[in-house]
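Participant: I'll drop the sequence and a predicted model, then ask my questions.
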Protein chains: 4
Amino acid sequence: MHPKDPKLTLLVTGGTLDKDYQTTTGALVFSETHLPAMLRQANTTLAVETRVLMLKDSLEMTDLDRDEIAQACQDADTESIVITHGTDTMVDTALALSENANLCNKTIVLTGAMRPFRLGESDACFNLGAALTAAQLAQNGVYIAMNGELFEACRVMKNRQKGVFELTV
Amino acid sequence: MHPKDPKLTLLVTGGTLDKDYQTTTGALVFSETHLPAMLRQANTTLAVETRVLMLKDSLEMTDLDRDEIAQACQDADTESIVITHGTDTMVDTALALSENANLCNKTIVLTGAMRPFRLGESDACFNLGAALTAAQLAQNGVYIAMNGELFEACRVMKNRQKGVFELTV
Amino acid sequence: MHPKDPKLTLLVTGGTLDKDYQTTTGALVFSETHLPAMLRQANTTLAVETRVLMLKDSLEMTDLDRDEIAQACQDADTESIVITHGTDTMVDTALALSENANLCNKTIVLTGAMRPFRLGESDACFNLGAALTAAQLAQNGVYIAMNGELFEACRVMKNRQKGVFELTV
Amino acid sequence: MHPKDPKLTLLVTGGTLDKDYQTTTGALVFSETHLPAMLRQANTTLAVETRVLMLKDSLEMTDLDRDEIAQACQDADTESIVITHGTDTMVDTALALSENANLCNKTIVLTGAMRPFRLGESDACFNLGAALTAAQLAQNGVYIAMNGELFEACRVMKNRQKGVFELTV
């Protein structure tokens, strides 16, 4: 569909970023992914191939889901891959991918949001801009792009109390 | 003020990104910079030192203004520098900085927005995330981060009709 | 189209309320009316018949335009009518309508916005809620619903300096 | 505080309207009321006295809470009163107030929102505009202003499946 050969693969797995408020129940739920809308809002001309793998809260993500994500990374035609993911188990998925020998020639960047895109005043667009850029510039490996920083998969943890990602000591 | 040594300098010069609608006149004007609010919304933990140099429409930017920007880059304590700038003459400023021999040991990334941050559905946050990341990852040089892509100063032009940045041929 | 007989006619004439920012030119322009989107956002179940008469800055509104608005009021099947209108000449149009003997059996409420709906943090939705309610409750006559108050056409002026409507002395 | 004598009392009790997303827990919680911000955004010049009685999900509202609301209505210096309230038990509170003989010389309008003000694209501002207007125009009695309509307390129910208020048959 995109006039250019895809330069980057965007894999959507859900997480807070893609949740929205459901008026009839008052719950935060998944209806559809907002990544295409976010890319349009950003006026991206980057050739991105977007694939929705699942729309899941990352606390409900299973080993099977992680296998599916790894397989999708392996199947991607591009070296650069961005994965949107819930923050609670983002580090777990990043570690699983970083231990997968089949992915050592890829640059894979996971990102997400602390506040849903659809709720306004969200960190989602900033994080997407950071992740897409990191996926184009960083050397092969698995990373997390959150809070304006780029962390290697094996050196990052989520500080749940502060709601930010930090270097492990 | 920031607990960590600054890792990145953010120089604010104005442009569409920082404009807002003035209700009494119906004009788009500068009141203050929104960069601190954008960094908060993004939950950045990155040690950023922000300096407001000017708040100008880039069509009104003079050679003296460009000298002031170059001097601020030279004075910055950090190797990584992001400059927010109007899009109309962003390429001119990028070229001027890239020809400045005193800045050859810096990574300088210019960015801006096609729609003001304060007007909603803006590309400003995405572009800021991209620029802050590029300033940390790209090798020394002067760049423009717009539309999800990172352009070298000497190889980019603004396509005014489409409202996007493109590689020069 | 609406399952119920229309209870209220909504005439759209433009004004700040309906303007949007055009990224390629940086100007505030009319593309389409946002009233249907505003009614959806408000979850209105009220049977409203919406007619777009024109999309004009109210400073450019002519006597012919005002004749067209008066005719549309006369043609409306409902007693209750809301008109969206630019604020600069809203009082002029309200006065013209109030002097039209053919409209003395209607309740006509003009409203608008100081900040466009599409720019966020706008007064547009509040004003629309006020105007639709006033059109159902006020006795026959021509009114302006702005700033949380309901003014009779012959007793109101716009204070351009403060950007609010006030009772004339 | 307001230069004019208050013309209208605004009693805040909470409900969906005032909830916000908490990033660390992912829950919708009350931090503070957003009514003052909403009145500012609407450029209201109406003399409103705002009192925060409680910030509660209306499913948790008790008979004691309803007594407190009734007392606050009785204590109000103004004839016109608007009450913000959760939608789930808004009808119950409206009925309780309508049966209170001490309030028969007041015009009391309850309103709320199906989507929180702070989450964007909310019906909150529209509903507030409708309720403030109805409280000034309707004859004495207790009403619910939702969905662009004004319902008498004894003739309205919430259709939970559709998420709208309807006339009882």
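Facilitator: Great, that's in hand.

Participant: CA only for contacts and neighbour counts going forward, please
Facilitator: Noted.

Participant: measure residue A:50 to chain B for me?
Facilitator: 14 Å (Cα to the nearest Cα, to the nearest Å).

Participant: repeat for residue A:7
Facilitator: From residue A:7 to chain B the distance is 11 Å (Cα to the nearest Cα).

Participant: who's in contact with that residue?
Facilitator: A:46, A:47, A:48, A:49, A:78, A:79, A:80 (Cα atoms under 8 Å, 6 or more residues apart in numbering or on different chains).

Participant: for the residues you listed, which one is nearest chain C?
Facilitator: For chain C, the nearest member of the contacts of residue A:7 is residue A:46. The distance, counting by Cα to the nearest Cα, is 18.7 Å.

Participant: in three-state terms, label that closest one for me.
Facilitator: Put simply, residue A:46 is coil when judged by DSSP: H, G, I helix; E, B strand; the rest coil.

Participant: state the number of residues packed around it.
Facilitator: By other Cα atoms under 10 Å in any protein chain shown, the residues close to residue A:46 number 19.

Participant: how about residue A:101?
Facilitator: For residue A:101, the count of nearby residues is 8 (other Cα under 10 Å).

Participant: what about the closest residue in space to residue A:96 that isn't next to it in sequence, helix or strand, and which?
Facilitator: Closest residue to residue A:96 apart from its sequence neighbours, by Cα to Cα, 6 or more residues apart in numbering or on different chains: residue A:66 at 7.5 Å. Using DSSP states H and E, residue A:66 falls within helix A:63-75.

Participant: so what secondary structure elements neighbour that helix?
Facilitator: Applying 3 or more Cα pairs under 8 Å, 6 or more residues apart in numbering or on different chains; DSSP states H and E, one finds that helix A:63-75 contacts helix A:90-98.

Participant: what residues are up against the residue positioned nearest the centre of chain A?
Facilitator: Central residue of chain A (Cα atoms, centre = their mean): residue A:84, 1.9 Å from the mean position. Neighbour list for residue A:84: A:10, A:11, A:12, A:13, A:14, A:15, A:17, A:110, A:111, A:112 [criterion: Cα under 8 Å, 6+ apart].

Participant: gap between residue A:155 and chain D?
Facilitator: With Cα to the nearest Cα as the criterion, residue A:155 and chain D are 22 Å apart.

Participant: OK, contacts around that residue?
Facilitator: Under the criterion of Cα under 8 Å, 6+ apart, the neighbours of residue A:155 are A:167, A:168, A:169.

Participant: residue A:22 now?
Facilitator: A:28, A:29.

Participant: quick one on the thing from earlier: buried members of the contacts of residue A:7 into ChimeraX, please.
Facilitator: Burial among those is assessed by 16 or more other Cα atoms under 10 Å in any protein chain shown; the matching ChimeraX selection reads:
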select /A:46,47,48,49,78,79,80
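
Participant: among the contacts of residue A:7, which two are most distant?
Facilitator: Greatest spatial distance among these (Cα to Cα): A:46 and A:79, at 14.2 Å.

Participant: per-residue confidence at the residue lying farthest from the centre of chain A?
Facilitator: Ranking residues of chain A by C-alpha distance from their mean position (Cα atoms, centre = their mean) puts residue A:24 at the top, at 28.7 Å. Note on residue A:24: pLDDT of 91.

Participant: and the helix holding residue A:66, average pLDDT?
Facilitator: In this model, helix A:63-75 has an average pLDDT of 98.

Participant: so where do the strands sit in chain A?
Facilitator: A:8-14, A:19-22, A:27-30, A:48-56, A:80-84, A:107-111, A:141-146, A:149-152, A:156-159, A:164-167 (DSSP state E).

Participant: for residue A:46, what are its contacts?
Facilitator: Counting by Cα under 8 Å, 6+ apart, residue A:46 touches A:7, A:8, B:147, B:148, B:149.
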